[in-house]
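A.B. asks: here is the input, now give the coordinates:
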Amino acid sequence: EALAQLIAEKDNPKTDVWFGGTGDPHLQAAELGLTAEYKSPSLADLHPWAQQQARQSGYKTVGIYSGPLGFGYNTELLAKRKLAVPKTWADLLKPEYKGEIQVANPSSSGTAYTMIATLVQLMGEDKAFEYLKGLHRNVGQYARSGTGPIKAVARGESAVSISFIHDAPGEKLNGFPVETVTPSEGTGAEIGSMSLIKGARNTAAAKKFYEWALTPAAQEMAAATKQFQLPSNKHAKIDPRIPDFKTIKFIDYDYAKYGTSAERRRLIARWEKEVNTLPR
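C.D. replies: Numbering: from 1, shown residues only. Here you go, the predicted model:
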């Protein structure tokens, strides 16, 4: 949605900084010439994955946090319905999960697009789409936003979500019975990004915000607002509720390839044609 707004306003931008959200649309905005090149003097203080995001975009975006893709689940609902905790991608195809899974719609959500790209890289494209067809039978609802499914799980509207698992601790802090797991076969991760808008009205102020947002002090504020992604600044203190990346099996996610607008359009179009049209 943010990318669509930037495209619509490209001749008269109404924003100065695009802050946060999955990195794929930030890379697409860079490719489309919607964002401005800016090489921050703070780059050396960032983790390699954040620096790589900057390099791959021609320094038109930068990584500000990362978060792994996984499953959220409502412990009370699973117990009530006598469902096991899903631990693998394959588990989500089991018939007992029919109608119990919620995921976002990839046409409007970077989270869901990350899921498709992850599965394609993990399984190969044709097998991934066969998997998505099987998953479709068990999906009760496709939410508009990436955070929608974990919120639905927290409130007992669905038993399981496919989400970035850093969204769960905030729900847990609000008193909801939510836990998370990452699939044992391997998973992807988002690189939440930040970009300066090309042709923005307040460039000097935007750069000041940009530099501040890359500091440890700024990134450590995220936990106070119940945001538990891994900060991109190597010197930022890590809140204990942030997922431990060392315990998660990650795929070698190709952010450059799957961040292009052509690849995103192609995969989403295939999902719309082959998966979203199927009955559930």
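A.B. asks: show me where the stretch 101-250 of the chain has strands.
C.D. replies: 101-104, 139-143, 160-164, 178-181, 189-196, 230-231 (DSSP state E, counting those that start in this stretch).
A.B. asks: what are the pairing partners of the fifth one, and which direction each?
C.D. replies: According to DSSP bridges, strand 189-196 has the following sheet partners: strand 17-19 (antiparallel), strand 62-74 (antiparallel).
A.B. asks: residues in contact with the helix or strand just after the first one: which ones?
C.D. replies: Helices and strands here follow DSSP states H and E; after strand 17-19, the next one along the chain is helix 23-31. Taking Cβ atoms under 8 Å, 6 or more residues apart in numbering as the criterion, the residues outside helix 23-31 that touch it are 2-3, 6, 18, 35, 53, 56-58, 60-61, 63, 110, 113-114, 117, 190-195, 255-256, 258-261, 264. Bear in mind the C-beta positions are built from the backbone N, C-alpha and C, glycine included.
A.B. asks: so where is the stretch 51-200 of the chain shaky, pLDDT-wise?
C.D. replies: Low-confidence segments of the stretch 51-200 of the chain (pLDDT under 70): none present.
A.B. asks: in it, which spans are helices?
C.D. replies: 75-80, 110-123, 125-138, 148-154, 168-173 (DSSP state H, counting those that start in this stretch).
A.B. asks: may I see those organised as JSON lines, with distance to Arg201 added?
C.D. replies: JSON lines is the format used below for the helices of the stretch 51-200 of the chain (distance: least, Cβ to Cβ, whole Å):
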{"stretch": "helix 75-80", "distance to Arg201": "48"}
{"stretch": "helix 110-123", "distance to Arg201": "26"}
{"stretch": "helix 125-138", "distance to Arg201": "42"}
{"stretch": "helix 148-154", "distance to Arg201": "32"}
{"stretch": "helix 168-173", "distance to Arg201": "33"}
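A.B. asks: between the ones you listed, which gets nearest to Ala224?
C.D. replies: With Cβ to Cβ as the criterion, Ala224 lies closest to helix 168-173 of those, at 11.1 Å.
A.B. asks: that closest one packs against which elements?
C.D. replies: With contacts taken as 3 or more Cβ pairs under 8 Å, 6 or more residues apart in numbering; DSSP states H and E, helix 168-173 sits against helix 148-154, strand 178-181.
A.B. asks: count the residues that sit near Ala262.
C.D. replies: Neighbour count for Ala262, taken as other Cβ atoms under 10 Å: 10.
A.B. asks: a helix runs through it, doesn't it?
C.D. replies: Yes. Under DSSP: H, G, I helix; E, B strand; the rest coil, Ala262 sits within a helix.
A.B. asks: next one: it relative to Arg270, how far apart?
C.D. replies: 13 Å (Cβ to Cβ, to the nearest Å).
A.B. asks: for Thr215, same thing?
C.D. replies: Thr215 sits at a distance of 41 Å from Arg270 (criterion: Cβ to Cβ).
A.B. asks: again, but for Leu278
C.D. replies: 13 Å.
A.B. asks: who has more neighbours out of the two?
C.D. replies: More crowded of Leu278 and Arg270, by other Cβ under 10 Å: Arg270, with 16 against 10.
A.B. asks: nearest residue to that one in space, please, no chain neighbours.
C.D. replies: Phe129 (6.6 Å; Cβ to Cβ, 6 or more residues apart in numbering).
A.B. asks: tell me the contacts of the one you found?
C.D. replies: For Phe129, the contact set (Cβ under 8 Å, 6+ apart) comprises Arg270, Trp271, Glu274, Val275.
A.B. asks: need the pLDDT of the third one.
C.D. replies: Right, Glu274. Here, the pLDDT recorded for Glu274 equals 98.
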